[in-house]
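1. when you get a sec, could you give me coordinates for this:
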Amino acid sequence: MNDDQKRLPSKAPEVTLGFWIVKILATTLGETGGDAVTMSMDLGYAVGTLIFFGLFAAAVIAQVRAAKFEPFLYWLTIVATTTVGTTMADLADRSLGVGYAGGSALLLLGLAASLAIWRWSEGSVSVDTVSTRRVETFYWATILFSQTLGTALGDWMADTNGLGFGGGAVVFGAALALVAALYFFTNVSRVALFWAAFILTRPLGATVGDLLDKPHELGGLALSRYYASAVLVAAMLALIVLFPQKPGSHPRTIKRESGD
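-> Numbering: from 1, shown residues only. Sure, this is the predicted structure:
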């Protein structure tokens with residue numbers, strides 16, 4: 001018997017520049033879309049969370065049941081995590097009185113626990129290994145924690161530290177640039193850098209989304225949340241269509257008979 005290597009497709013997309021651009025658009029959409037339901041429609045954070053959590057659950061079930069990577073379904077699920085992450089963080093921080101610092105700390109612990117359990121169970125937290133239902137469960141749980149944490153961090157940076165939405169976006173953009181520099185010029189773990197960048201894109205999107213739709217007196221541009229969300233959806237769809245995404249892949253050892 002000889003060991004041979006076969007590359008199995010992941011149900012997450014290949015990580016390219018296009019992936020990161022669409023991810024930032026999705027996280028910004030999560031902020032404007034979440035605010036549109038909770039604030040513009042005046043449904044409140046609790047009702048908004050129930051609505052978006054239902055959409056998130058339905059999207060994850062469809063994603064897990066899919067036989068292969070489907071770009072539109074994948075990004076629909078990502079958007080669902082960003083919108084429910086927005087309303088969950090706002091509910092905890094503002095309605096339940098947990099506060100930005102407390103909410104961020106709790107979510108950071110949840111994210112660390114999710115990654116640790118995933119690593120202990122599967123031996124890797126690389127997105128290229130997302131090809132089984134069990135790994136997908138870890139993947140989407142981790143993403144939900146990261147998206148919710150990102151919202152809390154974005155609000156904390158913009159509000160509590162007095163930087164405003166534009167200043168917060170600059171801080172998180174600079175942090176992403178640092179992660180990119182580490183990727184290109186060092187040998188730091190690519191998996192660790194991926195998750196660092198993935199987490200940072202959420203507060204960047206949160207602060208940019210708030211900059212777009214918050215009123216002038218709060219430091220925003222007071223754009224229509226519905227209009228901003230529609231433009232972001234159109235941009236995402238255009239990028240997915242114009243620049244088709246391929247699934248990631250990972251090596252898996254299989255047994256083959258000699259002479260095959």
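2. C-terminal to the helix or strand encompassing I117, what's the next element?
-> Using DSSP states H and E, I117 falls within helix 100-122. Next helix or strand after helix 100-122 toward the C-terminus (DSSP H and E): helix 133-155.
3. show me what counts as buried in that following helix.
-> Using 16 or more other C-beta atoms under 10 Å as the test for burial, helix 133-155 gives 135-136, 138-155. Yep, even glycine has a C-beta here, placed from its N, CA and C like the rest.
4. for K11, give me its contacts.
-> Q63, A66, K68, F69, Y74, V130, S131, E136, P247 (C-beta atoms under 8 Å, 6 or more residues apart in numbering).
5. redo that, cut-off 10 Å
-> With contacts defined as C-beta atoms under 10 Å, 6 or more residues apart in numbering, K11 is in contact with 63-64, 66-70, 73-74, 127, 130-133, 135-136, 139, 247-248.
6. in ChimeraX, how would I select the buried members of those residues?
-> Here is the ChimeraX command that selects the buried residues among these (16+ other C-beta under 10 Å):
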select :63,64,69,74,127,130,131,135,136,139,247,248
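7. ok, the closest residue to A46 other than its chain neighbours - contacts?
-> Leaving aside its chain neighbours, A46 sits nearest to L91 (6.0 Å; criterion: C-beta to C-beta, 6 or more residues apart in numbering). Residues counted as contacts of L91 (C-beta under 10 Å, 6+ apart) are T38, G44, Y45, A46, V47, G48, T49, V98, G103, T148.
8. now the strands for the chain?
-> 2-13, 247-256 (DSSP state E).
9. mean pLDDT lowest for which of these?
-> Here these differ in mean pLDDT, and the lowest is strand 247-256 at a mean of 53.
10. which other residues reach stretch 176-184?
-> By C-beta under 10 Å, 6+ apart, the surrounding residues in contact with stretch 176-184 are 20, 24, 188-190, 192-201, 203-204.
11. got a PyMOL select line for the buried ones in these?
-> Buried members of the contacts of stretch 176-184, defined by 16+ other C-beta under 10 Å, are picked up in PyMOL with:
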select buried, resi 24+194+195+196+197+198+199+200+201+203+204
